[in-house]
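Enquirer: have a look at this fold, sequence not included:
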């Protein structure tokens, strides 16, 4: 993997760059649609490329290890071939499941023991296991195994967890370096900065991760319930420490405003289930603001869903028609809304990149944050 930093905005810390992987280039800043089990819910791979213009998607190590399982993935030749997706893929490490399955897991130095959410069977993830599963999946970018702490989090616990995450990183790197990819191309390993919302811990973790010399770096443990201002403060602190010549990935974030504010702080990569999850509930993000598609006010509004798009689903269907589909519980509503939200997120990243390259990002961002946060 290679990263070329092209421009840094003079009035903010926003960056435009290019990540080169075995499966193609990624223009940053970028948003990665989440394909948890090898599928972005309701959206075929062809539509992801042709209409949404996705450059990279994310898969989930924990879920893919359960279904279809590494044996099937290896027989298929990796996730790219299995799901018919020839662009880059990033996989998380399963560390977030350690957080989300908090009521049903036990964390030890060796790793994490927990039970499957499917059938209750016993599972064990360690740094080494996480590396092996991600080798089987075959993602271009894979993540180190970490513990994502909750918010709020006692500082004593956050400190112990951070140090364990660092020790797990050392094991990840050792196991990763001693192995080889299964499908004839290189994979890049990203470590993850932790430390909850404690500035001294975040600083310590960012320094440890920076010294690991990885091809890129991630920031985890945010967007877990903390106020947005605390998230921004932690990101700013960490971005000032992580190397400028490596891509920075903020995990699990967030709203359109969150993305824009974090781009201004120096973040390059994002992922979040929000666009598709909200879409399935009739909650749309558009270039004009936020729409609750089920509201009666759209009943006879025959304007297009989003005026920013002159082709595709967002121009083909009206707000009135999409509202009708939601009220009638038609499955097509979920697809149209999901495509709209993902297309908008990728459009927003493209617009941000163009503004960075043009030197006009800062004032554009301030105006756009207000616009995309407004409820219509």
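Expert: Good, I have the coordinates. Quick caveat, the model's predicted, so the values are computed rather than measured.
Enquirer: hmm, residue 313 is touching residue 337, no?
Expert: No. Under the criterion of Cβ atoms under 8 Å, residue 313 makes no contact with residue 337, lying 9.1 Å away. (Each C-beta comes from the backbone N, C-alpha and C, glycine too.)
Enquirer: neighbour count for the two, which is higher?
Expert: residue 337 (28 against 22; other Cβ atoms under 10 Å).
Enquirer: from the middle of its chain, how far away would stretch 71-89 be?
Expert: On the basis of Cα atoms, centre = their mean, to the nearest Å, stretch 71-89 is displaced by 19 Å from the centre of the chain it belongs to.
Enquirer: can you mark which positions in it are buried?
Expert: By neighbour count, and taking 16 or more other Cβ atoms under 10 Å as the criterion, the buried residues in stretch 71-89 are 73-74, 78-80, 82-83, 85, 87-89.
Enquirer: report the rounded mean pLDDT for it.
Expert: In this model, stretch 71-89 has an average pLDDT of 98.
Enquirer: do you know how far residue 280 is from residue 329?
Expert: The spacing between residue 280 and residue 329, counted by Cβ to Cβ, to the nearest Å, is 12 Å.
Enquirer: so for these two, which residue has more residues nearby?
Expert: Neighbour comparison, residue 280 and residue 329: the larger count goes to residue 280, with 16 against 8 (by other Cβ under 10 Å).
Enquirer: pretty sure the more buried one sits against residue 41.
Expert: Yes. Under the criterion of Cβ under 8 Å, residue 280 makes contact with residue 41 at 7.3 Å.
Enquirer: shared neighbours of these two, anything?
Expert: Common neighbours of residue 280 and residue 41 are listed as 334, 338 (criterion: Cβ atoms under 8 Å, 6 or more residues apart in numbering).
Enquirer: related to what we said a few turns ago, tell me which of the buried residues of stretch 71-89 fall in strands.
Expert: Mapping the buried residues of stretch 71-89 onto strands (DSSP state E) picks out residue 89.
Enquirer: among the buried residues of stretch 71-89, which two are most distant?
Expert: The distance between the two most remote of the buried residues of stretch 71-89 (Cβ to Cβ) is 20.6 Å, for 74 and 87.
Enquirer: may I ask which helix or strand encompasses residue 222?
Expert: Residue 222 belongs to no helix or strand when assigned by DSSP states H and E.
Enquirer: now do the phi/psi pair for the residue lying closest to it once chain neighbours are set aside.
Expert: Take residue 222 and drop its neighbours on the chain: the residue closest to it by Cβ to Cβ, 6 or more residues apart in numbering is residue 231, 4.7 Å away. Note on residue 231: its backbone torsions stand at phi -60, psi -50 [degrees, to the nearest 10].
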